[in-house]
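Chemist: next input, structure requested:
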Amino acid sequence: QIPNALWANLIQERLSNVDCIKQGWILEGFPENQEQAWMLQSFGIFPRHVVVLYASDTVLIERNSGKRLDPLTQEVYHTTFDWPTDPLVQQRLVVPGDLSEQEVSKKLLQYHRSFPEIFQIYQKVLKSINADQPSVDV
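Modeler: Below you'll find the model as predicted:
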């Protein structure tokens with residue numbers, strides 16, 4: 001596990017590059033807890049917008065169970081929402097190793113424990129969007 005201070009330092013270094021300064025930046029899946037959010041702030045990193053996509057745990061577990069990975073290209077597909085048309089790609093697809101229902105449930109529990117504190121930190125710039133709808137609507 002990478003220490004939070006190292007994560008924040010690496011992110012701060014990357015966000016200080018010209019492309020991020022000129023074009024902006026997006027962090028996905030970070031911060032994951034209150035300490036990481038505070039660490040970002042201590043490095044002067046204050047997002048203008050924080051977007052949270054939410055859905056019920058049962059929907060998230062079901063969606064995760066349909067994920068498939070192309071080991072050749074690392075592209076991610078879904079059995080319901082994004083199935084490849086190429087039969088050769090279909091044959092190559094595998095179930096990612098970390099998608100057991102138990103693993104997903106463990107991640108969801110961690111999320112439910114950590115995110116109220118993160119919501120509190122970013123409440124003035126936070127936008128929550130219901131992800132349990134067609135992607136064009138999201």
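
Chemist: looking at the chain, which helix is longest?
Modeler: In the chain, assigned by DSSP state H, the helix with the most residues is helix 101-121.

Chemist: what's that helix packed up against?
Modeler: Secondary-structure packing of helix 101-121 (3 or more C-beta pairs under 8 Å, 6 or more residues apart in numbering; DSSP states H and E): helix 34-42, helix 57-65. From N, CA and C alone the C-beta is placed, and that goes for glycine too.

Chemist: okay, domains of this protein per the record?
Modeler: Domain ranges of the chain: 1-48, 52-137, per the TED database.

Chemist: need those domains in JSON lines (columns: mean neighbour count and mean pLDDT).
Modeler: Supplementary listing: the domains of the chain in JSON lines, determined by neighbours: other C-beta atoms under 10 Å; pLDDT from 0 to 100:
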{"stretch": "domain 1-48", "mean neighbour count": "13", "mean pLDDT": "92"}
{"stretch": "domain 52-137", "mean neighbour count": "13", "mean pLDDT": "90"}
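
Chemist: and the end-to-end length of stretch 70-87?
Modeler: With C-alpha to C-alpha, to the nearest Å as the measure, stretch 70-87 spans 12 Å from end to end.
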